[in-house]
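>>> I would like to see how this sequence folds:
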Amino acid sequence: MPASNANSGGGGRSEYQDKDKPTQIRKSNITAAKAVAEAIRTSLGPRGMDKMIQSPGGDVTITNDGATILKQMQVLHPAAKMLVELSKAQDIEAGDGTTTVVVIAGSFLNATEKLLDKGIHPTTISESFQKAALKSVEILEGMSTPVALSDRESLLKSASTALNSKVVSQYSSILSPLSVDAVLKVIDPATATNVDLNDIKIIKKLGGTVEDTDLIDGLVFTQKTGGAAGGPHRIEKAKVGLIQFCISPPKTDMDNNVIISDYAQMDRIMKEERQYILNIVKQIKKAGCTVLLIQKSILRDAINDLALHFLAKMKIMVIRDIEREEIEFICRSSGCKPIASLDHFLPEMLGYAELVEEVQTGTSKIVKMTGTANVGKTVSVLVRGSNKLVIEEADRSIHDALCVIRCLVKKRALIAGGGAPEIELSLRLREFSHTLSGMEQYCFRAFADALEVIPYTLAENAGLNPIATVTELRNRHAQGEKTAGINVRKGCITNILEENVVQPLLVSTSAVSLAAETVRSIMKIDDIVITR
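As a prediction, this is how the structure comes out:
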């Protein structure tokens with residue numbers, strides 16, 4: 001075995017030389033994960049490009065939301081899948097910065113590759129990166145400025161920063177206030193520590209433009225009313241009932257045939273049907289219900305024409321085909337309880353709404369229910385758009401903006417955007433690395449350099465010279481301008497707070513710590529075993 005002797009250099013070399021296989025596995029993991037990060041790097045920042053994703057079914061999605069792109073990409077390599085999971089984790093934790101977190105992770109992996117080539121042990125790298133991530137969070141918290149939820153201006157700034165990189169960025173002046181109002185309506189700003197985004201329902205309706213997007217205190221139904229039978233289209237001080245049974249003639253469980261020999265018997269059947277339906281409708285009227293919501297039924301028609309006719313005569317508005325998933329939201333909003341059988345149709349089960357009316361929007365109609373019993377628990381956002389792609393993207397963008405405000409509710413602090421925190425971190429960590437010794441110092445320095453990928457990419461996507469821009473940015477930060485960042489609109493470096501580019505602290509801290517965690521777990525892997 002002469003080769004291994006040459007490798008160990010007769011015991012003179014102290015650097016770590018791994019066996020051949022683990023080195024190759026690590027290389028392949030790093031390369032695969034870097035490829036994923038490279039793929040979505042171009043979509044970072046306000047000048048980032050969009051990706052068009054075509055599914056096997058032929059559906060096309062246009063987006064530059066990192067989590068969406070990675071979710072739709074079919075990644076095969078197990079290490080690359082870790083990055084997809086990483087962006088999902090960031091989406092759940094912070095909601096914004098899903099592209100950032102993957103790009104940072106890719107850059108960290110690049111750094112670890114160089115460190116491994118220098119012969120530093122993977123465990124050393126992994127532990128140093130963990131310390132560096134903790135130090136980064138500490139530095140970021142020191143840079144942040146606290147914010148109160150009553151400070152509407154700051155909330156608007158951070159929402160519009162989140163929207164600036166989206167396809168619908170030109171509408172950020174409409175969507176930002178809308179998102180801020182939506183979140184503030186469903187929480188109590190004094191005591192809240194989190195926001196349940198299920199309380200904000202986003203309803204997509206084709207037609208109009210994104211400018212027509214509206215925030216409604218209450219409920220919106222895109223289903224048709226039973227107005228065709230001559231029922232009312234507008235009801236004030238409505239009593240709302242939500243039923244889960246059918247108003248149509250009963251069917252037997254098995255297939256059945258009734259053989260009729262003369263007209264008298266047929267009349268009797270018809271009469272019974274009418275009587276059965278009339279009985280149900282009368283019971284509904286007796287309870288004082290004026291708006292009836294009917295859950296979709298899969299077994300038989302939830303309501304037939306005869307029942308619609310009777311309900312219309314009794315001036316009861318009918319909204320049918322309510323989906324099963326919507327029921328909880330409707331009950332929370334209007335205070336009604338779902339009624340599973342006719343015997344339970346009692347006045348105390350009904351909800352209340354000031355006004356229920358059918359409104360024409362473009363070519364179709366929607367039903368708005370406003371002034372519901374417990375206002376302030378839920379709101380609906382009606383998103384409009386000229387085609388399906390725009391509506392889908394507007395929906396994702398509003399979700400991101402809502403998440404950003406949720407971050408501020410969770411952790412009430414803001415930091416500058418535009419690559420400023422990353423460069424500041426990079427400088428501070430480099431200074432801190434001088435106090436360390438040995439391998440740790442190398443690793444800390446590599447960690448610090450890797451963070452520069454964010455301003456570098458921002459500059460690159462904006463068409464600036466990345467090297468010159470990042471060098472100047474570093475210089476300005478070294479002179480003590482903590483909030484100097486890349487101003488993409490003017491193509492130069494300015495104080496980014498004057499440009500109102502701010503982001504929640506939680507987005508940056510969770511991006512750095514999640515990326516470092518993922519890189520650590522990729523570093524620790526030295527073999528892949530495939531089970532059959």
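>>> Sketch out the low-pLDDT regions of the stretch 151-300 of the chain for me.
Where the stretch 151-300 of the chain drops to pLDDT under 70, the residues are 227-229, 299.
>>> what ranges do the strands span in it?
200-206, 214-216, 218-221, 234-243, 291-295 (DSSP state E, counting those that start in this stretch).
>>> Looking at these, which is nearest to residue 400?
strand 200-206 (11.9 Å; C-beta to C-beta). All C-beta atoms are positioned from the backbone trio N, CA, C, and that covers glycine.
>>> contact partners of the closest one?
182-183, 186, 219-220, 222, 329, 361-362, 364, 366, 378-385, 387-388, 391-392, 395, 398-399, 402 (C-beta atoms under 8 Å, 6 or more residues apart in numbering).
>>> Just the buried subset of those, please.
Buried by 16 or more other C-beta atoms under 10 Å: 182-183, 186, 219-220, 222, 329, 361, 366, 378-385, 391-392, 395, 398-399, 402, out of the contacts of strand 200-206.
>>> any idea what sits nearest residue 499, other than its immediate chain neighbours?
residue 487 (5.7 Å; C-beta to C-beta, 6 or more residues apart in numbering).
>>> Contacts only, for that neighbour.
Residue 487 neighbours (C-beta under 8 Å, 6+ apart): 418, 493, 494, 496, 499.
>>> what do you get if the cut-off is 10 Å, keeping everything else the same?
Applying C-beta atoms under 10 Å, 6 or more residues apart in numbering, we find residue 487 in contact with 418, 462, 464, 493, 494, 495, 496, 498, 499, 501.
>>> Go through the contacts of strand 200-206 and flag which are in strands.
219, 220, 361, 364, 366, 379, 380, 381, 382, 383, 384, 385 (DSSP state E).
>>> for the third one, which residues make a bridge with it?
Translated: residue 361. residue 364 (DSSP bridges).
>>> ok, how many other residues are close to residue 110?
Neighbour count for residue 110, taken as other C-beta atoms under 10 Å: 17.
>>> number of nearby residues for the spatially closest residue to residue 134 that is not a sequence neighbour?
The shortest distance from residue 134 to any non-neighbouring residue, by C-beta to C-beta, 6+ apart, is to residue 513 (7.8 Å). Residue 513 is flanked by 18 other residues according to other C-beta under 10 Å.
>>> Who does residue 295 form a beta bridge with?
residue 322.
>>> What residues does it make contact with?
242-246, 302, 320-324, 326-327, 330, 338-340.
>>> ok, now which ones touch the residue sitting nearest the centre point of the chain?
Most central in the chain under C-alpha atoms, centre = their mean is residue 399, positioned 4.7 Å from the mean C-alpha point. Under the criterion of C-beta under 10 Å, 6+ apart, the neighbours of residue 399 are 65, 91, 95, 96, 179, 197, 200, 202, 381.
>>> what stretches of the stretch 401-532 of the chain score poorly on pLDDT?
Short version for the stretch 401-532 of the chain, where the test is pLDDT under 70: none.
>>> show me where it has strands.
Using DSSP E, counting those that start in this stretch, strands in the stretch 401-532 of the chain cover 413-416, 484-487, 492-495, 502-504.
>>> and these, which is most packed in?
Stretch with highest mean neighbour count among the strands of the stretch 401-532 of the chain: strand 502-504 (a mean of 28; mean count of other C-beta atoms under 10 Å).
>>> Tell me which other helices or strands it touches.
Counting contacts by 3 or more C-beta pairs under 10 Å, 6 or more residues apart in numbering; DSSP states H and E, strand 502-504 packs against helix 152-164, helix 388-410, strand 413-416, helix 420-433.
>>> Name the residues that touch that strand?
94-97, 100, 144-145, 147, 154-155, 157-162, 403-418, 420-421, 483, 496, 510-511.
>>> and if we set it to 8 Å?
Contacts of strand 502-504 (C-beta under 8 Å, 6+ apart): 94, 96-97, 154, 157-158, 161-162, 404, 407-408, 411, 413-417.
>>> What of stretch 168-183?
Residues contacting stretch 168-183 (C-beta under 8 Å, 6+ apart): 46, 152, 155-156, 159-160, 163-164, 195, 200, 210-211, 213, 215, 379, 381, 390, 393-394, 397-398, 401-402, 404-406, 409.
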